[in-house]
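Visitor: just need the structure, nothing else, for what follows:
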Amino acid sequence: MKSKLLREITPLTQSDCFTLFSREKKEFDFPLHYHDEFELNFIQHAKGAKRIIGDHIEDIEEPELVLVGPNLQHGWFTNKHGGGTIKEITIQFHRDLFDEKFLQRNQMNFIKTYCE
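Guide: You can find the predicted model right below:
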């Protein structure tokens, strides 16, 4: 699959904690992209669609919950999805939303290490 990599400028402002999108669609139509923010995606009813995160490519199952790090290329593609309405909820948030004290907690070690 050859696709152009685009840099997304998200609508998230410095005054926002996060942005939230809730969509229903018949197919995935957003290109392979990256952005400065974290992104949490919940996708339902899209079995057979293809997910690309960094260098990992996989057909997805039900349901799908993925945390994408800053500046990591990602995208979902219709691929073998058999039709029907796909439900997608996306939350984008700044990489500095959580202060250093929060990132020092045991459970956050993986995310802190990943973002350095």
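Visitor: ok, the closest residue in space to Phe77 that isn't next to it in sequence to Pro63 distance?
Guide: The shortest distance from Phe77 to any non-neighbouring residue, by Cβ to Cβ, 6 or more residues apart in numbering, is to Lys50 (4.5 Å). Every C-beta, even on glycine, is put in place using the N, C-alpha and C of the backbone. Distance of Lys50 to Pro63, computed by Cβ to Cβ, to the nearest Å: 16 Å.
Visitor: is it true that the residue nearest to Phe77 touches Asn79?
Guide: Yes. Contact status for Lys50 versus Asn79: in contact at 3.8 Å, counting by Cβ atoms under 8 Å.
Visitor: where do the contact lists of those two overlap?
Guide: The contact sets of Lys50 and Asn79 overlap at Asp59 (Cβ atoms under 8 Å, 6 or more residues apart in numbering).
Visitor: in a strand, Lys101, correct?
Guide: No. Looking at Lys101 with DSSP: H, G, I helix; E, B strand; the rest coil, it is helix, so not inside a strand.
Visitor: what ranges does this protein have for its helices?
Guide: Along the chain, counting by DSSP state H, helices occupy 100-103, 109-115.
Visitor: now stretch 84-102: buried residues?
Guide: Buried residues in stretch 84-102, counting neighbours by 16 or more other Cβ atoms under 10 Å, are found at Ile86, Glu88, Thr90, Ile91, Gln92, Phe93, His94.
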